[in-house]
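Peer 1: below: sequence and its predicted model.
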Amino acid sequence: MKRTHILVCTGTGCTSAGSFQTRDALLAELEKRGLAGEVEVVETGCMGRCDLGPVSMVHPDGTFYKNVQAAEVPKLVDEHFLKGRAYDKLLPTDPETNHLIKTQADFTFFNRQLRIVRDNCGIIDPEKIDEYIARDGYLALGKVLTGMTPEQVTDEIKASGLRGRGGAGFPTGRKWELMRLAPVNPKYVVCNADEGDPGAFMNRSVLEGDPHSVIEGMAIGAYAMGANRGFIYIRAEYGLAVKRLHIAIEQAYKLGLLGKNLFGTGFDFELEVRIGAGAFVCGEETALMRSVEGRRGQPQPRPPFPAQRGLWGKPTNINNVETWATIRPIILKGAKWFASIGTEKTKGTKVFCLAGKINNTGVAELPFGTTLREMIFEVGGGVPNGKKFKAVQTGGPSGGVIPEQFLDTPVEYETLQKLGSIMGSGGMVVVDEDSCMVDFARFFMEFCCDESCGKCPPCRVGTRQMLNILNRICAGQGELDDIQKLEDLAAMVKDTSLCGLGQTAPNPVLTTLKYFRHEYEAHIMDKRCPARVCRDLLHFEIDEPLCKGCSLCARACPVQTIARVGTQKKFEIHEEKCIHCGACFEVCRFDAVKKTSPGMLVTA
Amino acid sequence: MSHPQIAPNLPYHPSGDQRFAQLDQTMAYYKHEPTALIQILHAAQHSFGYLAPDVLRYIATAMKLPLAHVYGVTTFYNFFSIVPRGKYQIMVCTGTTCHVRGAATVVERLGQQLGVKEHETTKDGLFSLHTARCIGACALAPAITVGDDVYGKLTPDKVPKFCQKDLKKYA
Ligand SMILES: Cc1cc2nc3c(=O)[nH]c(=O)nc-3n(C[C@H](O)[C@H](O)[C@H](O)COP(=O)(O)O)c2cc1C
Ligand code: SF4
Ligand code: SF4
Ligand code: FES
Ligand code: FES
């Protein structure tokens, strides 16, 4: 056993930043310096700070390095492993104090977390089952198969208070019990790895970083519910996760941890991967089952629930990736322990994704009951570039925006719902003063309109009508009664759509109307976009005294509408051809290009 | 996804196109189970680049499924294309995080640089431009993919350099 390990993240984020090259450089450099026998290079899944990638951590001292490009490796090896001191250049800085952060334990982003589900992520090599087993992997499955009855397992999950992490928060134990008692055979279990919410990548991080935890959870569930066949339905966009799942399943089969007669108990469990094909609605459980069956993924009315009539008409239990991955720790450490974490109504932890205008972007696992402020300003390190926080969007296209005055809300299913939003998959997208809330609502409406499966008219037509109105408002052609029309349509779509997609599609519009109505009014009445986002309402101008005549803007302008003022050195924008793309505004280094939304006098 | 090896003595498509033989193998691997249709379409798109009418007809016949069903499933899912695309598809994520960080402008500027609009293919057939809904690299927003490669933090101002440098690698 080597005494020191250097863990290199090979999740999607870090590999896109070049972490495979980093790994190769490390192997070569350690060899060259004669350290290959002492320091082991371990490839891990996502460590949770993809924005700093490629990231790396040294064990056992816990030093955390960012931006470890291959070119930096010789210096890093020299400083850290030969001279025995941290290589300062690659240490992250605290956004608040500007101090260098030496170890993961000193990093607020990490030390505020409580890792139950992501316990192994970023620690073990997800492509090696031995490393999983070394950390008590498949111990829970063994314990269940050899020492517990299906009823005891279900009771344990019920007692833990675990609620589904896929969005609705339905008690998992109750769902399992219904399944267990269903008198029909065969039964199926399904893992929902469709993760369609934009801004959410927690399931991906678990599948890439610790695929066996999901497999083990499914095997335990299958035993508890009397199923012998399972499917993992995963979106096609997650290439690396698909690959690691295939490897993990193959390894588990080889060791007899999947397949026939597990642990010699006579229990069989076959597991297959099914790849989705890019339809958001397929995350909805009845649509998902149709897709697994190879059909168009259109939702079906419930009841009958999947536990009554699921895949091929047989009882089926669908849980989210994170729900499945939480089973193992509950079995190992007990329901009581799990129930001691979180809040009265919601037990345990949730993996959140912090993204958007936030300093510490990434994946963070926190107990339920953590407030939005703690998440965004402590773990997330606040809003970058001195900008002002405007709102946080939770729950994806089915969720809503939450403004500043509610930042002290403890996060759990019910509290977010009370604010008009939802928990959803746990995506948190932070927006600052530069985001326009009308544009934001328009964005989500466009998403839902595109992704509506078209089965029911209120969703198909209603979202289209709402989108048309929002487009009009953003283009400066909003009319006074548009807000009322939006509210009426929202109520209709919510009440009469068949599935969750339609029923929640109006949420972003309703919450922005509730908390940011003045922005709608500015667009409609003054033809002004206060955040300076909606293009048709913008005006670009060069402030002559500030212009240095460098010509950068003229070269950046895609429609060549910036030219010298007569024979002078300075430049000006010829308004008629300007398409308001903002290229000049971005390139000017002297702040000479002014972007404004002056508004127009409306003659009513 | 793993594709079974092509066996030399299998009956194959009259055109002599070996990719049909490969498709036969994939269908056999799934025992021609209708429920595996989506997996088979994935494999077909992988080798043909897109799902042309004759490929869909071939699959329908081999799997004993109505062509209308195969066609209906294909067009339901965004991932499948029934028209030819570039050798490399450029997918610009237009998910929430990428949106608030300027994805719409990224699409526009890529289009300007490549001389194409969304869904169109460059004259040399190398790239086609598309948008996608969240590729799960939100921490790197704005994110795009070119073929299987992910590129992060591609803010609108970096697009020209990206086209002149990174995209050249695919030529
Ligand atoms: C439009 C729509 C999309 C959904 N997308 C997902 C998803 O991507 N992942 C997921 O786990 N659940 C998703 N759900 C929720 C599922 O229908 C289902 O409730 C969940 O998978 C159950 O698992 P759980 O009990 O473990 O939460 C979606 C629901 C709707 C209505
Ligand atoms: S609500 Fe929308 S997505 Fe859901 S079934 Fe109806 S049309 Fe399809
Ligand atoms: S980029 Fe700025 S300084 Fe340079 S010519 Fe344009 S406005 Fe003047
Ligand atoms: S992929 Fe490396 S930290 Fe997320
Ligand atoms: S929103 Fe673009 S990668 Fe998720």
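Peer 2: Looks like it came in fine. Remember, it's a predicted structure, so these values are computed and weren't measured experimentally. Ligands and ions are numbered 1, 2, ... in the order given.
Peer 1: how close does the residue in chain B positioned nearest to ligand 5 get to ligand 2?
Peer 2: Chain B approaches ligand 5 most closely through B:Gly95 (2.5 Å), counting by CB to the nearest ligand atom. For the C-beta atoms, the positions are set from N, CA and C on the backbone; glycine is no exception. To ligand 2, B:Gly95 is 18 Å away according to CB to the nearest ligand atom, to the nearest Å.
Peer 1: list the contacts for that residue?
Peer 2: By CB atoms under 8 Å, 6 or more residues apart in numbering or on different chains, the residues touching B:Gly95 are A:Pro198, A:Gly199, B:Ala103, B:Ala132, B:Arg133, B:Cys134, B:Ile135, B:Cys138, B:Ala141.
Peer 1: 7 Å instead?
Peer 2: A:Pro198, A:Gly199, B:Arg133, B:Cys134, B:Cys138 (CB atoms under 7 Å, 6 or more residues apart in numbering or on different chains).
Peer 1: just B:Val100 next, same as before
Peer 2: Counting by CB under 7 Å, 6+ apart, B:Val100 touches A:Gly356, A:Lys357, A:Val429, A:Val431, A:Ser435.
Peer 1: which of the residues you listed fall in strands?
Peer 2: Those of the contacts of B:Val100 mapping onto strands are A:Gly356, A:Val429, A:Val431, per DSSP state E.
Peer 1: now those residues as JSON lines including neighbour count and distance to ligand 1?
Peer 2: Output for the ones in strands among the contacts of B:Val100, formatted as JSON lines (neighbours: other CB atoms under 10 Å in any protein chain shown; distance: CB to the nearest ligand atom, whole Å):
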{"residue": "A:Gly356", "neighbour count": "28", "distance to ligand 1": "19"}
{"residue": "A:Val429", "neighbour count": "31", "distance to ligand 1": "16"}
{"residue": "A:Val431", "neighbour count": "25", "distance to ligand 1": "22"}
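Peer 1: and of those residues, the nearest to ligand 5?
Peer 2: Ranked by distance to ligand 5 (CB to the nearest ligand atom), these are led by A:Val429 at 8.1 Å.
Peer 1: mind checking pLDDT for the closest one?
Peer 2: Confidence at A:Val429, expressed as pLDDT, is 93.
Peer 1: what comes up buried for stretch A:534-554?
Peer 2: Residues of stretch A:534-554 classed as buried: A:Cys534, A:Arg535, A:Leu537, A:Leu538, A:Phe540, A:Glu541, A:Ile542, A:Cys547, A:Leu552, A:Cys553, A:Ala554 (neighbour count, 16 or more other CB atoms under 10 Å in any protein chain shown).
Peer 1: name the nearest residue to A:Gly276, sequence neighbours excluded.
Peer 2: Nearest non-adjacent residue to A:Gly276, counting by CB to CB, 6 or more residues apart in numbering or on different chains: A:Arg235, 4.7 Å away.
Peer 1: please name the residues that touch the one you found.
Peer 2: Neighbouring residues of A:Arg235 by CB under 7 Å, 6+ apart: A:Ala193, A:Asp194, A:Glu195, A:Gly196, A:Gly276.
Peer 1: could you report the neighbour count for the last one?
Peer 2: Other residues near A:Gly276 number 26, with proximity taken as other CB atoms under 10 Å in any protein chain shown.
Peer 1: re earlier: from the contacts of A:Arg235, which shows the smallest pLDDT?
Peer 2: Looking at the contacts of A:Arg235 by pLDDT, the weakest one is A:Gly196, with 89.
Peer 1: residues in contact with that one?
Peer 2: The neighbourhood of A:Gly196, defined by CB under 7 Å, 6+ apart, consists of A:Arg235, A:Phe280, A:Gly283.
Peer 1: chain neighbours aside, what residue packs nearest to the last one?
Peer 2: Among residues not flanking A:Gly283 along the chain, A:Asp194 sits closest, at 4.0 Å (CB to CB, 6+ apart).
Peer 1: run a quick neighbour tally on that neighbour.
Peer 2: For A:Asp194, the neighbour count with other CB under 10 Å is 28.
Peer 1: if we can go back for a sec, and the residue of chain B closest to ligand 5, how far from ligand 1?
Peer 2: On the measure of CB to the nearest ligand atom, B:Gly95 and ligand 1 end up 13 Å apart.
Peer 1: on the pLDDT front, check the residue in chain B that ligand 1 sits nearest to for me.
Peer 2: Closest residue of chain B to ligand 1, CB to the nearest ligand atom: B:Cys134 (10.4 Å). Here, the pLDDT recorded for B:Cys134 equals 89.
Peer 1: that one and B:Cys93 touch, don't they?
Peer 2: Yes: contact criterion CB atoms under 7 Å: B:Cys134 and B:Cys93 qualify, at 6.0 Å.
Peer 1: those two - which one has more neighbours?
Peer 2: Legend: neighbour count by other CB under 10 Å for B:Cys134 and B:Cys93, higher for B:Cys93 (31 against 28).
Peer 1: per-residue confidence for the more buried one?
Peer 2: Looking at B:Cys93, its pLDDT is 95.
Peer 1: for B:Gly136, see how far away it is.
Peer 2: Going from B:Cys93 to B:Gly136 by CB to CB, to the nearest Å gives 9 Å.
Peer 1: cool, A:Gln477 as well?
Peer 2: Per CB to CB, A:Gln477 is found 36 Å from B:Gly136.
Peer 1: quick one: which of those two has more around it?
Peer 2: Applying other CB under 10 Å to A:Gln477 and B:Gly136 shows that B:Gly136 carries more neighbours, namely 31 against 14.
Peer 1: now do the phi/psi pair for B:Leu129.
Peer 2: In terms of degrees, to the nearest 10, the main-chain angles of B:Leu129 are phi -110, psi 130.
Peer 1: who are the contact partners of it?
Peer 2: Counted by CB under 7 Å, 6+ apart, B:Leu129 has contacts B:Ile90, B:Leu110, B:Gly111, B:Leu114, B:Val116, B:Glu118, B:Glu120.
Peer 1: which of those has the most neighbours?
Peer 2: Neighbour max across those (other CB under 10 Å) = B:Ile90, 27 neighbours.
Peer 1: I figured B:Val73 hits B:Thr35, correct?
Peer 2: No: in this structure, B:Val73 is not within contact of B:Thr35 by CB under 7 Å, at 11.2 Å.
Peer 1: ok, A:Phe516 to ligand 3 distance?
Peer 2: In this view, A:Phe516 and ligand 3 are 32 Å apart by CB to the nearest ligand atom.
Peer 1: name the nearest residue to that residue, sequence neighbours excluded.
Peer 2: That would be A:Met437: by CB to CB, 6+ apart, it lies 4.0 Å from A:Phe516.
Peer 1: which residues sit in contact with A:Ser398?
Peer 2: By CB under 7 Å, 6+ apart, A:Ser398 lies in contact with A:Ile422, A:Gly424, A:Gly500, A:Thr504, A:Asn507.
Peer 1: need the buried ones from these selected in ChimeraX.
Peer 2: In ChimeraX, a selection of the buried entries from the contacts of A:Ser398 looks like this (16+ other CB under 10 Å):
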select /A:422,424,500,504,507
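Peer 1: thank you, goodbye.
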